[in-house]
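Participant: structure for the following, please:
(one chain, ligands or ions: 1)
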Amino acid sequence: MLLSKANMAATKINNLTVIGAGLMGSGISQVSANANINVTIVDSNQKALEKSQKGIESSLKRVAKKKFANDEAAQSNLVKSVLDRIRVSTNVGDSVENADLVIEAIVENIEIKQKLFAEVEDATKKSTIIATNTSSLRLQDIGKNLKDKTRFGGLHFFNPVPMMKLLEVVKHPETSDATFKTLMAYGKAVGKTTVACKDTPGFIVNRLLVPYSFEAFGLFERGDASMEDIDIAMKLGTGYPMGPFELADYVGLDTMKFIMDGWKQQYPNDPSFKESKLLNKLVKEGKFGRKSGEGFFKY
Ligand code: NAI
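Facilitator: Purely as a prediction, here's the structure:
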(Lines give C-alpha, C1' and ligand atoms only; values in the text may rest on other atoms or scores of the structure.)
Protein backbone atom coordinates (compact mmCIF):
# COMPACT_ATOMS: atom_id res chain seq x y z
CA MET A 1 0.00 0.00 0.00
CA LEU A 2 1.41 3.42 -0.98
CA LEU A 3 0.21 5.36 2.03
CA SER A 4 -1.00 4.07 5.35
CA LYS A 5 -4.61 4.81 6.25
CA ALA A 6 -4.41 4.92 10.04
CA ASN A 7 -7.68 5.95 11.63
CA MET A 8 -6.79 9.46 12.73
CA ALA A 9 -8.87 12.61 12.41
CA ALA A 10 -7.66 15.55 10.33
CA THR A 11 -7.16 18.88 12.12
CA LYS A 12 -9.19 21.78 10.77
CA ILE A 13 -7.04 24.64 9.53
CA ASN A 14 -8.27 28.02 10.81
CA ASN A 15 -5.08 30.06 10.62
CA LEU A 16 -2.74 29.78 7.66
CA THR A 17 0.53 31.57 6.98
CA VAL A 18 1.76 31.64 3.40
CA ILE A 19 5.42 32.60 2.94
CA GLY A 20 6.16 34.08 -0.49
CA ALA A 21 3.76 36.59 -2.02
CA GLY A 22 4.53 35.79 -5.65
CA LEU A 23 2.39 34.12 -8.25
CA MET A 24 1.76 30.96 -6.24
CA GLY A 25 1.62 32.40 -2.73
CA SER A 26 -1.00 34.93 -3.83
CA GLY A 27 -3.17 32.25 -5.41
CA ILE A 28 -2.87 29.94 -2.40
CA SER A 29 -3.80 32.82 -0.08
CA GLN A 30 -6.81 33.74 -2.21
CA VAL A 31 -8.35 30.26 -2.35
CA SER A 32 -7.70 29.73 1.37
CA ALA A 33 -9.27 33.04 2.48
CA ASN A 34 -12.17 32.26 0.17
CA ALA A 35 -12.64 29.04 2.18
CA ASN A 36 -13.01 31.04 5.45
CA ILE A 37 -9.42 30.52 6.57
CA ASN A 38 -7.56 33.46 8.18
CA VAL A 39 -4.47 34.06 6.09
CA THR A 40 -1.22 35.92 6.72
CA ILE A 41 0.99 36.41 3.67
CA VAL A 42 4.66 36.98 4.39
CA ASP A 43 7.29 38.23 1.99
CA SER A 44 10.71 39.73 2.50
CA ASN A 45 9.82 42.29 -0.15
CA GLN A 46 7.17 44.88 0.79
CA LYS A 47 6.51 45.67 -2.89
CA ALA A 48 5.71 42.01 -3.54
CA LEU A 49 3.11 42.14 -0.76
CA GLU A 50 1.46 45.21 -2.25
CA LYS A 51 1.44 43.64 -5.69
CA SER A 52 0.00 40.45 -4.24
CA GLN A 53 -2.86 42.29 -2.50
CA LYS A 54 -3.73 44.12 -5.72
CA GLY A 55 -3.57 40.89 -7.71
CA ILE A 56 -5.80 39.03 -5.27
CA GLU A 57 -8.32 41.86 -5.31
CA SER A 58 -8.62 41.92 -9.09
CA SER A 59 -8.79 38.14 -9.29
CA LEU A 60 -11.55 38.14 -6.64
CA LYS A 61 -13.47 40.80 -8.56
CA ARG A 62 -13.47 38.54 -11.60
CA VAL A 63 -14.65 35.57 -9.53
CA ALA A 64 -17.38 37.68 -7.89
CA LYS A 65 -18.59 39.05 -11.22
CA LYS A 66 -18.96 35.54 -12.56
CA LYS A 67 -20.72 34.29 -9.44
CA PHE A 68 -23.12 37.22 -8.93
CA ALA A 69 -23.51 38.54 -12.48
CA ASN A 70 -26.20 41.17 -11.81
CA ASP A 71 -25.71 41.85 -8.14
CA GLU A 72 -23.04 44.45 -7.47
CA ALA A 73 -23.65 44.48 -3.70
CA ALA A 74 -23.08 40.72 -3.49
CA GLN A 75 -19.96 41.10 -5.62
CA SER A 76 -18.39 43.70 -3.34
CA ASN A 77 -19.46 41.76 -0.24
CA LEU A 78 -17.62 38.70 -1.46
CA VAL A 79 -14.49 40.65 -2.37
CA LYS A 80 -14.48 42.52 0.96
CA SER A 81 -15.13 39.45 3.12
CA VAL A 82 -12.28 37.52 1.52
CA LEU A 83 -9.84 40.46 1.63
CA ASP A 84 -10.72 41.04 5.29
CA ARG A 85 -9.40 37.58 6.09
CA ILE A 86 -5.97 38.36 4.59
CA ARG A 87 -3.24 40.31 6.33
CA VAL A 88 0.31 40.85 5.17
CA SER A 89 3.67 41.03 6.93
CA THR A 90 7.40 41.10 6.29
CA ASN A 91 8.17 39.28 9.56
CA VAL A 92 8.29 35.47 9.44
CA GLY A 93 8.60 34.84 13.21
CA ASP A 94 5.56 36.89 14.27
CA SER A 95 3.44 35.61 11.41
CA VAL A 96 3.81 31.89 12.05
CA GLU A 97 3.33 31.93 15.84
CA ASN A 98 -0.39 31.15 15.73
CA ALA A 99 -0.53 29.28 12.46
CA ASP A 100 -2.13 25.83 12.19
CA LEU A 101 -0.47 25.47 8.80
CA VAL A 102 2.45 27.25 7.14
CA ILE A 103 2.86 26.95 3.38
CA GLU A 104 6.19 27.98 1.88
CA ALA A 105 6.02 29.39 -1.68
CA ILE A 106 9.31 31.31 -1.97
CA VAL A 107 11.99 31.12 -4.64
CA GLU A 108 12.94 27.59 -5.80
CA ASN A 109 16.37 27.56 -4.13
CA ILE A 110 17.35 24.77 -1.77
CA GLU A 111 19.63 26.77 0.58
CA ILE A 112 17.15 29.64 0.96
CA LYS A 113 14.30 27.19 1.62
CA GLN A 114 16.34 25.21 4.21
CA LYS A 115 17.19 28.41 6.06
CA LEU A 116 13.56 29.52 6.07
CA PHE A 117 12.29 26.14 7.32
CA ALA A 118 14.68 26.21 10.29
CA GLU A 119 13.39 29.68 11.19
CA VAL A 120 9.77 28.58 10.79
CA GLU A 121 10.20 25.45 12.90
CA ASP A 122 11.69 27.44 15.77
CA ALA A 123 8.88 30.02 15.73
CA THR A 124 5.87 27.71 15.43
CA LYS A 125 3.83 25.69 17.93
CA LYS A 126 4.72 21.99 18.05
CA SER A 127 1.38 21.19 16.39
CA THR A 128 1.83 23.49 13.39
CA ILE A 129 2.06 21.72 10.06
CA ILE A 130 4.76 22.99 7.72
CA ALA A 131 4.42 22.46 3.97
CA THR A 132 6.30 23.36 0.83
CA ASN A 133 4.88 24.20 -2.59
CA THR A 134 8.10 23.22 -4.36
CA SER A 135 7.74 21.97 -7.94
CA SER A 136 11.02 20.22 -8.40
CA LEU A 137 13.08 19.97 -5.22
CA ARG A 138 13.05 16.93 -2.93
CA LEU A 139 11.19 17.32 0.33
CA GLN A 140 13.95 15.26 1.89
CA ASP A 141 16.46 17.97 0.95
CA ILE A 142 14.27 20.95 1.82
CA GLY A 143 13.41 19.52 5.25
CA LYS A 144 16.84 18.06 5.95
CA ASN A 145 17.46 20.23 9.01
CA LEU A 146 13.98 20.03 10.55
CA LYS A 147 14.04 18.49 14.01
CA ASP A 148 10.49 17.13 13.69
CA LYS A 149 9.75 15.92 10.18
CA THR A 150 6.45 14.28 11.16
CA ARG A 151 4.69 17.62 10.73
CA PHE A 152 6.24 18.36 7.33
CA GLY A 153 4.78 17.60 3.89
CA GLY A 154 4.24 18.91 0.37
CA LEU A 155 1.30 20.84 -1.07
CA HIS A 156 1.95 21.25 -4.77
CA PHE A 157 -0.55 23.67 -6.28
CA PHE A 158 -0.83 24.51 -9.97
CA ASN A 159 -0.75 27.87 -11.71
CA PRO A 160 -3.14 29.76 -11.83
CA VAL A 161 -4.17 28.48 -8.38
CA PRO A 162 -7.76 29.81 -8.35
CA MET A 163 -8.47 28.08 -11.70
CA MET A 164 -6.56 24.82 -11.47
CA LYS A 165 -8.46 22.06 -9.72
CA LEU A 166 -5.55 19.80 -8.81
CA LEU A 167 -3.48 19.65 -5.64
CA GLU A 168 -0.71 17.08 -5.23
CA VAL A 169 -0.25 16.21 -1.56
CA VAL A 170 3.25 14.89 -1.02
CA LYS A 171 4.36 12.56 1.70
CA HIS A 172 7.92 12.81 3.01
CA PRO A 173 9.06 9.42 4.42
CA GLU A 174 8.58 10.82 7.94
CA THR A 175 5.30 12.73 7.41
CA SER A 176 2.88 11.41 10.01
CA ASP A 177 -0.53 10.03 9.04
CA ALA A 178 -2.21 12.80 11.04
CA THR A 179 -0.25 15.48 9.14
CA PHE A 180 -1.02 13.84 5.82
CA LYS A 181 -4.74 13.61 6.58
CA THR A 182 -4.83 17.27 7.61
CA LEU A 183 -3.09 18.30 4.37
CA MET A 184 -5.57 16.29 2.30
CA ALA A 185 -8.52 17.77 4.22
CA TYR A 186 -7.14 21.30 3.82
CA GLY A 187 -6.86 20.72 0.06
CA LYS A 188 -10.48 19.63 -0.15
CA ALA A 189 -11.57 22.57 2.04
CA VAL A 190 -10.03 25.03 -0.43
CA GLY A 191 -11.87 23.36 -3.31
CA LYS A 192 -9.15 21.21 -4.84
CA THR A 193 -9.13 17.61 -5.96
CA THR A 194 -6.26 16.03 -4.07
CA VAL A 195 -3.95 13.26 -5.22
CA ALA A 196 -1.34 11.59 -3.04
CA CYS A 197 2.28 11.08 -4.04
CA LYS A 198 5.54 10.09 -2.43
CA ASP A 199 8.61 12.37 -2.44
CA THR A 200 9.71 11.50 -5.97
CA PRO A 201 11.20 14.08 -8.42
CA GLY A 202 8.40 16.14 -9.99
CA PHE A 203 5.72 14.20 -8.08
CA ILE A 204 3.10 13.02 -10.60
CA VAL A 205 2.40 15.83 -13.06
CA ASN A 206 5.87 17.31 -13.61
CA ARG A 207 7.54 13.89 -13.56
CA LEU A 208 5.50 13.03 -16.64
CA LEU A 209 5.17 16.47 -18.22
CA VAL A 210 8.79 17.70 -18.15
CA PRO A 211 10.41 14.61 -19.78
CA TYR A 212 7.53 14.56 -22.32
CA SER A 213 8.28 18.22 -23.19
CA PHE A 214 11.97 17.43 -23.70
CA GLU A 215 10.99 14.54 -26.00
CA ALA A 216 9.00 17.10 -28.03
CA PHE A 217 11.98 19.49 -28.17
CA GLY A 218 14.12 16.57 -29.42
CA LEU A 219 11.57 15.67 -32.10
CA PHE A 220 11.81 19.23 -33.43
CA GLU A 221 15.60 19.47 -33.06
CA ARG A 222 16.07 16.30 -35.12
CA GLY A 223 13.93 17.87 -37.85
CA ASP A 224 11.21 15.22 -37.58
CA ALA A 225 8.34 17.71 -37.33
CA SER A 226 7.73 21.44 -36.93
CA MET A 227 6.90 23.01 -33.55
CA GLU A 228 3.52 24.08 -34.88
CA ASP A 229 2.67 20.57 -36.07
CA ILE A 230 3.83 18.96 -32.82
CA ASP A 231 1.60 21.36 -30.86
CA ILE A 232 -1.37 20.68 -33.14
CA ALA A 233 -0.77 16.93 -32.99
CA MET A 234 -0.71 16.81 -29.21
CA LYS A 235 -3.78 19.01 -28.88
CA LEU A 236 -5.92 17.16 -31.39
CA GLY A 237 -4.42 13.73 -30.87
CA THR A 238 -4.62 13.64 -27.09
CA GLY A 239 -7.02 16.41 -26.12
CA TYR A 240 -4.30 18.35 -24.23
CA PRO A 241 -5.31 22.03 -24.05
CA MET A 242 -1.82 23.19 -25.10
CA GLY A 243 0.94 21.63 -27.17
CA PRO A 244 4.40 21.15 -25.58
CA PHE A 245 5.99 24.27 -27.14
CA GLU A 246 3.05 26.50 -26.24
CA LEU A 247 3.09 25.06 -22.72
CA ALA A 248 6.86 25.51 -22.27
CA ASP A 249 6.54 29.17 -23.33
CA TYR A 250 3.74 29.55 -20.78
CA VAL A 251 5.65 27.87 -17.94
CA GLY A 252 8.92 29.67 -18.81
CA LEU A 253 11.87 28.15 -20.66
CA ASP A 254 14.22 29.14 -17.82
CA THR A 255 11.98 27.21 -15.39
CA MET A 256 11.89 24.14 -17.65
CA LYS A 257 15.69 24.19 -17.90
CA PHE A 258 16.14 24.78 -14.17
CA ILE A 259 13.93 21.78 -13.32
CA MET A 260 15.58 19.43 -15.80
CA ASP A 261 19.14 20.53 -14.94
CA GLY A 262 18.43 19.87 -11.25
CA TRP A 263 17.11 16.39 -11.91
CA LYS A 264 19.93 15.52 -14.34
CA GLN A 265 22.47 16.53 -11.76
CA GLN A 266 20.79 14.54 -9.01
CA TYR A 267 19.91 11.46 -11.10
CA PRO A 268 22.62 11.30 -13.83
CA ASN A 269 21.74 7.72 -14.77
CA ASP A 270 18.02 8.20 -15.30
CA PRO A 271 17.48 8.19 -19.11
CA SER A 272 14.29 10.27 -18.88
CA PHE A 273 16.26 13.29 -17.70
CA LYS A 274 18.01 14.75 -20.75
CA GLU A 275 19.24 17.98 -22.29
CA SER A 276 17.95 20.16 -25.12
CA LYS A 277 20.58 22.21 -26.99
CA LEU A 278 17.82 24.39 -28.43
CA LEU A 279 16.36 25.15 -25.01
CA ASN A 280 19.84 25.96 -23.64
CA LYS A 281 20.41 28.37 -26.54
CA LEU A 282 17.06 30.15 -26.11
CA VAL A 283 17.55 30.56 -22.35
CA LYS A 284 21.08 31.91 -22.92
CA GLU A 285 19.59 34.50 -25.30
CA GLY A 286 17.08 35.58 -22.64
CA LYS A 287 14.18 34.05 -24.56
CA PHE A 288 12.18 32.72 -21.62
CA GLY A 289 8.76 32.41 -23.29
CA ARG A 290 5.67 34.56 -22.83
CA LYS A 291 7.08 36.53 -19.92
CA SER A 292 10.02 37.87 -21.97
CA GLY A 293 8.06 38.31 -25.22
CA GLU A 294 9.79 35.42 -27.00
CA GLY A 295 10.55 31.76 -26.41
CA PHE A 296 9.88 29.04 -28.95
CA PHE A 297 7.33 31.51 -30.40
CA LYS A 298 7.14 35.34 -30.49
CA TYR A 299 4.47 37.15 -28.42
P1 NAI B 1 7.65 34.09 -7.44
O2 NAI B 1 9.02 34.46 -7.88
O3 NAI B 1 6.47 34.65 -8.17
O4 NAI B 1 7.47 34.50 -5.88
C5 NAI B 1 8.39 34.18 -4.88
C6 NAI B 1 8.26 35.22 -3.77
O7 NAI B 1 9.03 34.78 -2.64
C8 NAI B 1 8.78 36.61 -4.14
O9 NAI B 1 7.76 37.57 -3.89
C10 NAI B 1 9.98 36.82 -3.22
O11 NAI B 1 10.12 38.18 -2.79
C12 NAI B 1 9.64 35.90 -2.05
N13 NAI B 1 10.79 35.44 -1.28
C14 NAI B 1 11.96 34.94 -1.75
N15 NAI B 1 12.73 34.54 -0.73
C16 NAI B 1 12.04 34.80 0.43
C17 NAI B 1 12.30 34.59 1.80
N18 NAI B 1 13.44 34.03 2.22
N19 NAI B 1 11.35 34.95 2.70
C20 NAI B 1 10.19 35.51 2.30
N21 NAI B 1 9.88 35.72 0.98
C22 NAI B 1 10.79 35.37 0.08
O23 NAI B 1 7.61 32.50 -7.41
P24 NAI B 1 6.39 31.48 -7.70
O25 NAI B 1 6.27 31.24 -9.16
O26 NAI B 1 5.20 31.96 -6.94
O27 NAI B 1 6.96 30.13 -7.06
C28 NAI B 1 7.07 29.94 -5.67
C29 NAI B 1 7.28 28.47 -5.36
O30 NAI B 1 6.19 27.72 -5.90
C31 NAI B 1 8.55 27.85 -5.95
O32 NAI B 1 9.03 26.88 -5.05
C33 NAI B 1 8.05 27.19 -7.22
O34 NAI B 1 8.84 26.10 -7.62
C35 NAI B 1 6.68 26.70 -6.77
N36 NAI B 1 5.70 26.51 -7.84
C37 NAI B 1 5.64 27.37 -8.89
C38 NAI B 1 4.69 27.16 -9.90
C39 NAI B 1 4.57 28.11 -11.04
O40 NAI B 1 3.91 27.76 -12.03
N41 NAI B 1 5.16 29.31 -10.98
C42 NAI B 1 3.77 26.01 -9.87
C43 NAI B 1 3.88 25.21 -8.66
C44 NAI B 1 4.84 25.45 -7.72
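
Participant: quick one: name the residues of the chain near the ligand.
Facilitator: Within the chain, the positions lying close to the ligand (CB under 6 Å from any ligand atom) are 19-25, 42-45, 48, 105-108, 112, 116, 133-135, 157-159. From N, CA and C alone the C-beta is placed, and that goes for glycine too.

Participant: ok, residue 263 - contacts?
Facilitator: 136, 201-202, 210, 270, 273 (CB atoms under 8 Å, 6 or more residues apart in numbering).

Participant: if we can go back for a sec, ok, of the residues of the chain next to the ligand, which come out buried?
Facilitator: 19-22, 24-25, 42-44, 48, 105-106, 108, 116, 133-135, 157-158 (16 or more other CB atoms under 10 Å).

Participant: mind checking which of those are in strands?
Facilitator: 19, 42, 157 (DSSP state E).

Participant: the second one and residue 102, how far apart?
Facilitator: I take that to be residue 42. Separation of residue 42 from residue 102 (CB to CB, to the nearest Å) stands at 9 Å.

Participant: who touches both of those two?
Facilitator: In contact with both residue 42 and residue 102: 17-19, 96, using CB under 8 Å, 6+ apart.

Participant: okay, the most centrally placed residue in the chain: pLDDT?
Facilitator: Central residue of the chain (CA atoms, centre = their mean): residue 157, 3.9 Å from the mean position. Each residue has a pLDDT score; the one for residue 157 is 98.

Participant: what residues are up against it?
Facilitator: 24, 27-28, 133, 164, 167, 192.

Participant: one step back: now for the shared contacts of residue 42 and residue 102: which two are most distant?
Facilitator: Using CB to CB, the pair of those lying farthest apart is 18 and 96, separated by 10.3 Å.

Participant: which of those two has more neighbours?
Facilitator: residue 18 (32 against 25; other CB atoms under 10 Å).

Participant: report the contact partners of the more buried one.
Facilitator: With CB under 8 Å, 6+ apart, residue 18 has these contacts: 25, 28-29, 32, 39-42, 102-103, 105.

Participant: TSV for these, including pLDDT?
Facilitator: Formatted as TSV, those follow (pLDDT from 0 to 100):
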residue	pLDDT
25	98
28	98
29	98
32	98
39	98
40	98
41	98
42	98
102	98
103	98
105	98
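
Participant: circling back: closest one to the ligand out of the shared contacts of residue 42 and residue 102, please.
Facilitator: Comparing these against the ligand with CB to the nearest ligand atom places residue 19 closest, at 5.3 Å.

Participant: go ahead and confirm the closest one touches residue 103.
Facilitator: Yes: between residue 19 and residue 103 there is a contact at 7.2 Å, judged by CB atoms under 8 Å.

Participant: which neighbours do the two have in common?
Facilitator: residue 25.

Participant: which residues in this structure form strands?
Facilitator: Going by DSSP E, the chain shows strands at 15-19, 38-42, 86-89, 101-104, 129-132, 152-157, 166-171, 193-198.

Participant: with respect to residue 288, which of the ones you listed lies nearest?
Facilitator: strand 152-157 (21.5 Å).

Participant: next, the angle from that closest one to strand 166-171.
Facilitator: Strand 152-157 runs at 170 degrees relative to strand 166-171, counting by axes from the mean of the first three to the mean of the last three CA atoms, to 10 degrees.

Participant: tilt between strand 152-157 and strand 193-198?
Facilitator: Going by the same axes, to 10 degrees, strand 152-157 makes 140 degrees with strand 193-198.

Participant: and strand 152-157, which strands flank it?
Facilitator: strand 129-132 (parallel), strand 166-171 (antiparallel) (DSSP bridges).

Participant: quick one: the closest residue to the ligand within the stretch 1-150 of the chain from residue 72, how far?
Facilitator: Nearest residue of the stretch 1-150 of the chain to the ligand (CB to the nearest ligand atom) works out as residue 22 at 1.8 Å. According to CB to CB, residue 22 and residue 72 sit 31 Å apart.
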